[in-house]
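>>> heads up, no residue letters with this:
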């Protein structure tokens, strides 16, 4: 039987993992902002508070979808490849400096 990682593939699993990691701070940010606004409107119209809560729930649904699409896009993959190449190049330069005694 094939493992789940083999079925989904590594890039998809990485995208899913990073999306979930970003959703943690995104959800916390939505909660803090919504809590502050609701505190300021505690004596306001209940329909306004309800609408804000609905907007917050919509933001919590949309955030991981938008993040997943953004992370999985080809532009982000290209930037990640360039960044990884720069890190490996910098590492090899540092190794050469250490081996030459500088």
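Structure received. Here the structure is a predicted model, which means the values were calculated and not measured.
>>> For the chain, give me the ranges with low pLDDT.
1-9, 75-102 (pLDDT under 70).
>>> Let's see that with 50 instead.
The model of the chain has no residue with pLDDT under 50.
>>> mind listing the helices for it?
4-8, 10-40, 46-72, 74-100 (DSSP state H).
>>> ok, the nearest residue to residue 31 once chain neighbours are set aside - contacts?
Nearest residue to residue 31 in three dimensions, chain neighbours excluded: residue 56, at 7.7 Å (CB to CB, 6 or more residues apart in numbering). In this view, the C-beta of every residue, glycine as well, is placed from N, C-alpha and C. Under the criterion of CB atoms under 8 Å, 6 or more residues apart in numbering, the neighbours of residue 56 are 30, 31, 34.
>>> Narrow the residues you listed to just the buried residues.
The neighbour count (16 or more other CB atoms under 10 Å) marks 30, 34 as buried among these.
>>> Let me have the contacts of residue 56 in JSON lines, adding distance to residue 20 as columns.
What follows is the contacts of residue 56, written out as JSON lines (distance: CB to CB, whole Å):
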{"residue": "30", "distance to residue 20": "15"}
{"residue": "31", "distance to residue 20": "16"}
{"residue": "34", "distance to residue 20": "21"}
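>>> Name the nearest of the contacts of residue 56 relative to residue 74.
Nearest to residue 74 among those is residue 30, at 28.1 Å by CB to CB.
>>> I figured the closest one hits residue 64, correct?
No: at 11.5 Å, residue 30 does not count as touching residue 64 under the criterion of CB atoms under 8 Å.
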